[in-house]
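Visitor: Let's see this in three dimensions:
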Amino acid sequence: MSTATLWGLRASVAAAALLAVRWRWSARLQRERAEAAKPASCPVVDVSRTTVRSGFATKSTWSVHLDDAFMAPWWISFSLGFDCDLDAEMMRKGLEFAITEWPRAAARLSGQTAETAVLRFDPHGEDNGVEFAVQEVRNLPQKVSEIEAAQGWVEAGALDGWRTGWPSENEPLLYVRLVKFTETGSCALAVRISHLLGDSFTYVRFLETWARGCDKAAVAQPGRLLPCSIPSKVAPIASMEELREEWSKLGLGRFPLMTPWRRFCMIVSLLRAELVNKFSPHAFKYLTVNRAGLDDLKKRVCAGLPDGEWVSSHDLVHGILCTGRAHALGHKKPVMQQVSVTIDMRGRTKEYQKDYLGNAVVSVDLDVSVDPTDFIATTRSLHDALRQTIRRDLEDLSRCSSGVKALLPDGKAVPLVLGPLTGKSIKSSTWTTHPWMKVSFGGAQPTGFRTPPGFLRNFVLMMPLNAAGDIGLLSSMPEPAWKRFSTFLQLNQLPLHLPK
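Guide: Alright, predicted model coming up:
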């Protein structure tokens, strides 16, 4: 065994030990936070808890696309708030309708690695079903949609916290709770779903199917959303040298192969970040973005762009946030900041149909000039960098962007380093392009939407906030920086504000 291989094995063992310590510490911290978040004034009472089974009749084993498998350790939580009550039996039947048409959501995961993962489904066995709970919350004097802070939703029992961890062999990949608020007659639909099943587009498509199933006249078409037409975004390559050459041609910077040493360094970086966070904690906060004010601001930014070019709400809000962060952290002059943005590949390449279910988003690192005194200049720099990236061949981008994996001839996946996990870049993602607030369950549309506070440092998530089209922005900074950031918003009269 060569010296390099021996050191690589030692680094892997050390990294695994550090990761185990981190996970145990994180799990303990999450339990403590969960206990602390339980409000004595709003007791949550279980009314019923059942397993809803899919009506898909064929015993099946489905392959898992490599990118979906790499997302398996992440669980996504969100909640829709309603100003009226939803009938529990109607919601249960609608859920049964949805997983009959999309039985992958009712399946179980086999295999504990990305290369061996498969979904198994048995219509008559234990490998079928999602958890559906109905709960009551008492002594809450206001409707959940009127609670501005996401932590308030968590404390009211209307929203689950973030979770990480590979699903166990017999664990459902989808959990649903219908939470009824007896004082006001309002309710919330809390969902926790494995990221393996897809991204935000997939979640909304699932909700739309569920809502359609709430119509008594609706007849399910078993397996209508199968097959999911899983494309191979991760193309096989002849050698590591070929992958390095492709990476270099695309001008994507340093080749980010996750070697054992880099894995060790990344875990050390994560542990160091958590220790720093313990003594100098980053505060996760929601900002509210006023839609009308944002539209007016977009006109100012677009006025300086060439004819035919425009900026999206996501680009503008991200530009404001990067500028405000730089200002709040004490920068005086423009600085180059690595910003990681997500691009939805649906409809952009021949492999990804517009209605593709699964994970179809790639992350792209951009070098952006962030001016702490001029958010318009920052937004235009972000806009220019993004346009230059999209002008590249999207077929190559879809398999060689940061975070996408390569596949060697022996069938093993080559994981690549993700900058946002190590604090090297700011990663942003948006859920605002999907019609969350237009989904109608028995004629009732949601009036509020939240995801739980606290996720990854340097991670920015944009989401719908209410029926008026306002946007919620989840981000993190040290607590003192938030005060300077708030001052920045007021001085520039920007349509963002921090909830009280």
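Visitor: Low-confidence ranges, the stretch 51-200 of the chain, go.
Guide: Scanning the stretch 51-200 of the chain for pLDDT under 70 picks out 66, 114-115.
Visitor: which element is Val364 on?
Guide: strand 361-370 (DSSP states H and E).
Visitor: Which phi and psi values does the spatially closest residue to Leu489 that is not a sequence neighbour adopt?
Guide: Distance criterion Cβ to Cβ, 6 or more residues apart in numbering; nearest residue to Leu489, sequence neighbours excluded, is Leu496 at 5.3 Å. Where you see a C-beta, it was placed from the backbone N, CA and C, and this is true even at glycine. Per-residue torsions, Leu496: phi -120, psi 140 (degrees, to the nearest 10).
Visitor: which residues of the protein fall in helices?
Guide: 3-37, 66-70, 88-101, 150-155, 200-213, 240-249, 260-279, 291-302, 313-328, 375-390, 394-400, 479-491 (DSSP state H).
Visitor: for the strand holding Val364, packing partners?
Guide: helix 313-328, strand 335-344, helix 375-390, helix 394-400 (3 or more Cβ pairs under 8 Å, 6 or more residues apart in numbering; DSSP states H and E).
Visitor: I'd assumed Ala117 was in contact with Glu169.
Guide: No. Applying Cβ atoms under 8 Å as the test, Glu169 and Ala117 come out as separate, 11.4 Å apart.
Visitor: Have a look at the two and say which one is more surrounded.
Guide: Ala117 (21 against 12; other Cβ atoms under 10 Å).
Visitor: Let me see the contact set for the more buried one.
Guide: Listed by Cβ atoms under 8 Å, 6 or more residues apart in numbering, the contact set of Ala117 reads 64, 69, 72, 109-111, 196.
Visitor: Could you give the number of residues near Asp215?
Guide: Neighbours of Asp215 using other Cβ under 10 Å come to 16.
Visitor: Excluding sequence neighbours, find me the nearest residue to it.
Guide: Gly442 (7.8 Å).
Visitor: Can you tell me how far the one you found is from Lys216?
Guide: Between Gly442 and Lys216 the distance is 9 Å, computed by Cβ to Cβ, to the nearest Å.
Visitor: Settle it for me: which of the two has more neighbours?
Guide: Gly442 (14 against 8).
Visitor: Residues in a beta bridge with the residue nearest to Leu489, which ones?
Guide: Listed by DSSP bridges, the beta-bridge partners for Leu496 are Val289.
Visitor: Now do the contacts for it.
Guide: With Cβ under 8 Å, 6+ apart, Leu496 has these contacts: 287-290, 317, 320, 473, 489.
Visitor: again, but for Asp367
Guide: Per Cβ under 8 Å, 6+ apart, neighbours of Asp367: 336-339, 385.
Visitor: Pro452 too?
Guide: Applying Cβ under 8 Å, 6+ apart, the residues contacting Pro452 are 77, 150, 153-154, 159-162.
Visitor: What is the nearest of the residues you listed to Lys354?
Guide: Ser77 (26.6 Å; Cβ to Cβ).
Visitor: how many neighbours does the closest one have?
Guide: Every residue meeting other Cβ under 10 Å relative to Ser77 is counted, giving 19.
Visitor: I'd like to know how many residues surround the residue nearest to it when sequence neighbours are not counted.
Guide: Once flanking residues are discounted, Ser77 sits nearest to Asp160: 4.4 Å by Cβ to Cβ, 6+ apart. Asp160 is flanked by 21 other residues according to other Cβ under 10 Å.
Visitor: quick revisit: average pLDDT across the strand holding Val364?
Guide: Mean per-residue pLDDT for strand 361-370: 83.
Visitor: Please tell me how far the spatially most central residue of the chain sits from Val176.
Guide: Closest to where the C-alpha atoms of the chain average out (Cα atoms, centre = their mean) is Ile76, at 6.2 Å. To Val176, Ile76 is 13 Å away according to Cβ to Cβ.
Visitor: Now the common contact residues for the two.
Guide: What both Ile76 and Val176 touch, as defined by Cβ under 8 Å, 6+ apart, is an empty set.
Visitor: Check the burial of Asp384 by counting its neighbours.
Guide: Counted with other Cβ under 10 Å, Asp384 comes out at 15.
Visitor: Pull the contacting residues for it.
Guide: Asp384 touches nothing, counting by Cβ under 8 Å, 6+ apart.
Visitor: My read is that Ile426 contacts Gln338, right?
Guide: Yes. Taking contacts as Cβ under 8 Å, Ile426 lies within contact range of Gln338: 7.4 Å.
Visitor: okay, those two: which has more neighbours?
Guide: Neighbour totals were compared for Ile426 and Gln338, and Ile426 leads with 23 against 16 (other Cβ under 10 Å).
Visitor: Pairing partners for that one in the sheet, please.
Guide: Val339.
Visitor: Selecting buried members of the contacts of Asp367 in ChimeraX, what would you type?
Guide: Buried residues among those (16 or more other Cβ atoms under 10 Å), as a ChimeraX selection:
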select :337,338,339,385
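Visitor: Reformat the contacts of Asp367 as a markdown table; add distance to Thr373 and pLDDT.
Guide: Listed next are these as a markdown table, based on distance: Cβ to Cβ, whole Å; pLDDT from 0 to 100:
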| residue | distance to Thr373 | pLDDT |
| --- | --- | --- |
| Met336 | 16 | 90 |
| Gln337 | 15 | 86 |
| Gln338 | 20 | 82 |
| Val339 | 18 | 84 |
| Ala385 | 20 | 87 |
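Visitor: Looking at the contacts of Asp367, spot the one nearest Ala360.
Guide: For the contacts of Asp367, with Ala360 as the reference and Cβ to Cβ as the criterion, the closest is Val339, at 20.9 Å.
Visitor: residues contacting Gln221?
Guide: Shown in contact with Gln221 (Cβ under 8 Å, 6+ apart): Glu101.
Visitor: and it, what are its phi and psi?
Guide: phi -110, psi 100.
Visitor: One more: Pro446?
Guide: According to degrees, to the nearest 10, Pro446 has phi -70, psi 150.
Visitor: now the strand holding Val364 against strand 335-344, angle please.
Guide: Strand 361-370 and strand 335-344 are oriented at 160 degrees to each other (axes from the mean of the first three to the mean of the last three Cα atoms, to 10 degrees).
Visitor: Please parse this protein into its domains.
Guide: 10-38, 40-213, 240-432+456-497 (automatic domain parsing).
Visitor: Highest mean neighbour count out of these?
Guide: The highest mean neighbour count among the domains of the chain, using mean count of other Cβ atoms under 10 Å, belongs to domain 40-213: a mean of 19.
Visitor: List the contacts of Ala481.
Guide: 325, 328-329.
Visitor: and Ala117, how far is that from Ala105?
Guide: In terms of Cβ to Cβ, Ala117 sits 16 Å off from Ala105.
Visitor: Check Arg380 too.
Guide: Counting by Cβ to Cβ, the gap from Arg380 to Ala105 is 41 Å.
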